[in-house]
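predicted model, plus sequence, below.
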Amino acid sequence: MSPQTYSLRVNGNIYKVATHPMARLLDVLRVDLQLTGTKEGCGEGECGACSVLLNGELVNSCLIPVAQAGGAEIETVEGLSADERLHAVQRAFLECGGAQCGMCTPGMLVASAHLLSKNACPDLAAIREGLNGNLCRCTGYMRIFEAVERAVSGAGEGQG
Amino acid sequence: MGQEKIVGKPMLRKEGVAKVCGRAHYIDDMTMPGLLHGATVRSSIARGRILGVEFGAGIPWDEFTIVTATDIPGANEIAMINHDWPCLAAEVVNHAEEPIVLLAHPERHLLPKAVAAVRVTYEEWPAVFSIEESERRDPVVWGEDNVFKSFLMEKGDVDAVWVSADRVVEGEYTTGAQEHLYIENNGAIAVYSAEEGLTVWGSLQCPFYVHKSLVKMTGLPEEKVRIVQVETGGAFGGKEDYPSMIGAHAALLAMKSGKPVKIIYDRAEDMAATTKRHPSRVRHRTAVTRDGKLLGAEIEIALDGGAYSTLSSTVLSRATIHAGGPYYWPSIRVRSKAFATNYPPYGAFRGFGAPQSLFAIERHMDRIADELGIAPDELRRRNLLRPGQTTTTGQKIDEDIDLDHLMNRALAESDYHAKRERFSRENAGAGTKKKGIGFAAFLHGSGFTGSGERYLNSLAAMDVTAEGKARVLVSSTEFGQGTNTILCQIAAETLGVDFDAVEMGPPDTSVVPNTGPTVASRTSMVVGKLVHTAAVGLKKTLVASGLLHEGYSTGEFVTAARTYVAEHGALRSESRYEAPPNVHWDDQLYRGEAYAAYAWAVYVAEVTVDQTTWGVTVDDFVAVQEVGRVLNPVLATGQIEGGVAQGIGWALYEKVMWNRGRMGNNQMTNYIIPTSQDIPPIRVFFEERPFGHGAYGAKGIGELPMDGPAPAILNAIAHATGRQFNSVPLLPEDIFREMAVSKLEPEEVVTL
């Protein structure tokens, strides 16, 4: 297969990439676009460290060939804190200890933000379910659950 | 305690903003011009002689840098305690996945095909795949007797107790291998030039371990080897030993090619090739009175060390010292051995031998209680260590501990007694979901064992930058546990400045002194104390210089520091380890003060065993511990919760499936760790009794939570099922086999 050119909109910016159709979206983001915030943990769609939003849906970018992402709208962890202002889930992860080694954190944050966009006020069961595709080996998940709950209550206070 | 402004407070993680923004740079996020990618050709068999290495057709081999053992300039050795671990196999292989040939190429995607095209031929030899085969020397695969290390630890006259005992209770307990499964795989980048020497960046715990190993392997002078830790995505002990291997491999390829070389393992390679927790077999024989007084014990510990000795002797040491648990033994004899097998070497993993021996003693205590008809908590209450008594090494407990209180609190927080009674009553009914509650009491020694800290002789320093910011200079690394934050809290508190006025120096062996490895729950207690002393020195110098006056603000400190540096060129203060008084240790007899301090804990697990699926769910988990002063409540709670989750995985999910010495399930798809839906509420409680010789009263914390979950859970399963399971991991099929298959008539039994 010869390289082809793909146009991707990542965090609102348009990029053109010449690469093989079967190149993993993960590698395109990390290597071609140098957006290294998205991490590889397992390369087989189990751990969720590479989670990004593809046209608003939560996906494992290690399983997406770039051919499937051409023309798509993609959001990564770098897009959460536009204008240097932390997203509510980023602030809450920081305060609650939701990030330890930080390797699952980008995917976990993208998944958390996605969960809150679909369900503004998830209960604990919904949080557990919403994050069940993202493995964390450091925290035992408690601090992460607390962070998502705090992000919800923070959003509830109506701060902009 | 209580007057501090920064210590004891939930200060935000120093590198936290970078981590939540995706700006923290891990090894695979780094690149450099002209970079080559490295890969490893590994043994496909467990044991044998290498007959030949052929480079198959279809690969442009002239484009590759190829390294074998003959390219090693210095010793073909990964420097650990012994000298048996080769950097690259030269003539024989002793385990599957042993590295033999290294390849490098500018195109990363070409490497898997090239690795597959290298054909190694072997004369295969018989291999050893169990502790029992190793014990029988069937055959001898290491040294003269397959024994890496043995210990004999004795207290009192244990031979005299058997005749006077009312009961003798025996048991055998086994634990399996466990994969660390840090989310970031191992990786390193090496750069070499004759003028500049060698620099290795890596995901690692112990920069000076890698330094020592690479100096020996390259033959370069110490000052020509520089090791830099980059942001490290989890370690748990798994990046204590193996980074010396991967760093050496990247270095060899860089030295031969003259180009920067990056080696990043994928998950399958990381799981198959790197170290894991030692499997264990522990046998107990206990003499006890009718009313539950422990009289004496004989304990025999066997660890599977894998093919090379790596850290097995020190893992065995900690297993030996913790074997008696938190109890007073009038007499005890512990014999322990670490055996060679032909599995990839086992190495450091959170807890370092203690989880294995504490699993055994805490299951055994419940078995003794059951045999005597005494409640598990009552049996423990009659034997828990008290101040003034001596441990199994003869160490007098001079800490002001109250283990009765710790246990009572854990049982109260978990509503243990009411639930125990209710579950027993309800389990007798017809329902298929049986509930149980169980607990474990345990201890964990903080810091290196015995004389270890004295040998390490750690040095920490503080200096100030040209801008007047105070810097902590240590080789202690951050890999999620909170090193950066805790040490900056200690420094800021001691200097009397804002948390933001202190930063960490780079974990770079050319910049920081050797503060010892980041292991053994030693960072807060031991290194924290050194940072405290260095900070005191820094402040004294500034005050003595007349630039700073008591009652100063952070701004005044910064100005004074900046002025001092401008006038004198530098401001630096160092602190060297000094053992607390009355710490004596006999390395031969294993007698004396094994650890300067212990953390103590009681963990309670509540479970449901579903007799339809035979699955176990943990419904509630209470963790009560005394770890001295808690320096940062959010980080400390996170350490406990994360350790408990790993302990739940070790107990119920994580099974390494071996196939002729190779890991068969080296994928996250079929090596199962707990997900967000498997973990119960973990309720963490601290009792704070500041330790006089730790920084602001801290003791060790990181490893402790790995020790308690497995025995607490299996004790709860015994309560739920009435069956004594003595092995972890305990999977649904194991429970099914025991409970359902054994009830069937022979013709109904199908082969599982």
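Thanks, I have it.

quick one, strands of the stretch 101-250 of chain B?
Read by DSSP state E, counting those that start in this stretch, the stretch 101-250 of chain B holds these strands, from start to end of the chain: B:118-124, B:147-155, B:167-175, B:187-193, B:197-202, B:225-229.

ramachandran angles for residue A:37?
phi -60, psi -30 (degrees, to the nearest 10).

excluding sequence neighbours, find me the nearest residue to it.
The shortest distance from residue A:37 to any residue other than its chain neighbours is 2.1 Å, reached at residue B:22 (C-beta to C-beta, 6 or more residues apart in numbering or on different chains). The way it works is simple: take the backbone N, C-alpha and C, and place the C-beta from them, glycine included.

CSV for the strands of the stretch 101-250 of chain B, including mean neighbour count, distance to chain A and mean pLDDT?
Rendered in CSV, the data for these read as follows (neighbours: other C-beta atoms under 10 Å in any protein chain shown; distance: least, C-beta to the nearest C-beta, whole Å; pLDDT from 0 to 100):
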stretch, mean neighbour count, distance to chain A, mean pLDDT
strand B:118-124, 14, 22, 98
strand B:147-155, 19, 28, 97
strand B:167-175, 18, 19, 98
strand B:187-193, 24, 11, 98
strand B:197-202, 23, 15, 98
strand B:225-229, 24, 13, 98
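
out of those, which is closest to residue B:133?
Shortest separation from residue B:133 across those is recorded for strand B:147-155, at 13.4 Å, computed as C-beta to C-beta.

run through who's touching the closest one.
Defining contact as C-beta atoms under 8 Å, 6 or more residues apart in numbering or on different chains, one finds that strand B:147-155 is touched by B:82, B:142, B:305, B:309, B:312-313, B:316-317, B:320-321, B:323, B:329, B:331-340, B:390, B:392-394, B:590.

narrow these to those in strands?
The strands, defined by DSSP state E, take in B:331, B:332, B:333, B:334, B:335, B:336, B:337, B:338, B:339 from the contacts of strand B:147-155.

out of the residues you listed, which touch chain A?
Among the ones in strands among the contacts of strand B:147-155, no residue is within reach of chain A (C-beta under 8 Å from any C-beta of the partner chain).

from those, pick the one nearest chain A.
Relative to chain A, the closest of the ones in strands among the contacts of strand B:147-155 is residue B:338; by C-beta to the nearest C-beta it sits at 26.2 Å.

gap between the closest one and residue B:321?
Using C-beta to C-beta, to the nearest Å, residue B:338 is found at 14 Å from residue B:321.

next: residue B:451.
Distance, residue B:451 to residue B:321, by C-beta to C-beta: 13 Å.

out of the two, which sits in the busier spot?
Under the neighbour definition other C-beta atoms under 10 Å in any protein chain shown, residue B:451 and residue B:321 were set side by side, and residue B:321 has more, 26 against 16.

residue B:449 is in contact with that one, correct?
Yes. Residue B:321 is in contact with residue B:449 according to C-beta atoms under 8 Å; the separation is 6.5 Å.

can you give me the helices for the stretch 301-450 of chain B?
With DSSP state H, counting those that start in this stretch, the ranges of helices along the stretch 301-450 of chain B come out as B:312-321, B:354-372, B:376-381, B:403-413, B:416-427.

output these as TSV; include the columns distance to chain A.
Below are these laid out as TSV (distance: least, C-beta to the nearest C-beta, whole Å):
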stretch	distance to chain A
helix B:312-321	21
helix B:354-372	16
helix B:376-381	25
helix B:403-413	16
helix B:416-427	21
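
out of those helices, which gets nearest to residue A:136?
In this view, these are compared for proximity to residue A:136 by C-beta to C-beta, and helix B:354-372 is the closest at 20.3 Å.

neighbours around the residue of chain A found nearest chain B, how many?
When you check chain A against chain B by C-beta to the nearest C-beta, the closest residue turns out to be residue A:37, at 2.1 Å. The number of residues packed near residue A:37 is 27, by other C-beta under 10 Å.

nearest residue to residue 106 in space, please, no chain neighbours.
Picking chain A for this. When the adjacent residues along the chain are set aside, residue A:106 lies closest to residue A:77, with 3.7 Å between them (C-beta to C-beta, 6+ apart).

hmm, I had chain B in mind actually
Nearest non-adjacent residue to residue B:106 (C-beta to C-beta, 6+ apart): residue B:36, at 5.6 Å.

wait, that neighbour touches residue B:105, no?
Yes. Contact criterion C-beta under 8 Å: residue B:36 and residue B:105 qualify, at 6.2 Å.

find residues that contact each of those two.
Taking C-beta under 8 Å, 6+ apart as the criterion, residue B:36 and residue B:105 both touch residue B:65.

on the three-state scheme, the spatially most central residue of chain A is what?
For chain A, residue A:110 is the residue whose C-alpha lies nearest the centre (C-alpha atoms, centre = their mean; 2.9 Å). When the structure is reduced to helix, strand and coil (DSSP: H, G, I helix; E, B strand; the rest coil), residue A:110 reads as helix.

which residues touch it?
For residue A:110, the residues meeting the contact criterion (C-beta under 8 Å, 6+ apart) are A:51, A:52, A:53, A:58, A:75, A:76, A:77, A:80.

of those residues, which belong to strands?
Secondary-structure check on the contacts of residue A:110 using DSSP E: residues within strands are A:51, A:52, A:53, A:58, A:75.

what is the burial count for the first one?
Residues near residue A:51, counting by other C-beta under 10 Å, number 27.

ok, and the closest non-adjacent residue to residue B:341?
Distance criterion C-beta to C-beta, 6+ apart; nearest residue to residue B:341, sequence neighbours excluded, is residue B:128 at 4.7 Å.

do you know how far the one you found is from residue B:136?
With C-beta to C-beta as the criterion, residue B:128 and residue B:136 are 9 Å apart.

and these two? Which one has more around it.
For residue B:128 versus residue B:136, the count of surrounding residues by other C-beta under 10 Å is larger for residue B:128: 28 against 12.

got the confidence number for that one?
What the model reports as pLDDT for residue B:128 is 98.

in contact with it, which residues?
When contacts are counted by C-beta under 8 Å, 6+ apart, residue B:128 touches B:47, B:134, B:138, B:139, B:141, B:146, B:340, B:341, B:342.

redo the helices of the stretch 301-450 of chain B as CSV? Include mean pLDDT.
Conversion of the helices of the stretch 301-450 of chain B to CSV gives the following (pLDDT from 0 to 100):
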stretch, mean pLDDT
helix B:312-321, 97
helix B:354-372, 98
helix B:376-381, 98
helix B:403-413, 98
helix B:416-427, 98
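
and the ones you listed as TSV, adding distance to residue B:70?
Compiled in TSV, the helices of the stretch 301-450 of chain B are given as follows (distance: least, C-beta to C-beta, whole Å):
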stretch	distance to residue B:70
helix B:312-321	29
helix B:354-372	39
helix B:376-381	59
helix B:403-413	58
helix B:416-427	63
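
and residue B:553, which of the ones you listed is closest to it?
Evaluated with C-beta to C-beta, those place helix B:403-413 nearest to residue B:553, the distance being 41.5 Å.

which secondary structure elements does that closest one contact?
Using 3 or more C-beta pairs under 8 Å, 6 or more residues apart in numbering or on different chains; DSSP states H and E, the elements in contact with helix B:403-413 are helix B:376-381, strand B:433-446, strand B:597-610, strand B:616-626, strand B:682-687.

partner strands of the last one, with direction?
Its sheet considered, strand B:682-687 pairs with strand B:616-626 (parallel) by DSSP bridges.

quick check: angle from the strand it pairs with to strand B:597-610?
Orientation of strand B:616-626 against strand B:597-610 (axes from the mean of the first three to the mean of the last three C-alpha atoms, to 10 degrees) gives an angle of 160 degrees.

so which bits of the helix or strand following strand B:616-626 are buried?
Proceeding N to C from strand B:616-626, the next assigned helix or strand is helix B:633-652, under DSSP states H and E. In terms of neighbour count (16 or more other C-beta atoms under 10 Å in any protein chain shown), helix B:633-652 has its buried residues at B:634-652.

what angle separates helix B:633-652 from strand B:682-687?
Between the axis of helix B:633-652 and that of strand B:682-687 there is an angle of 120 degrees, by the same axes, to 10 degrees.
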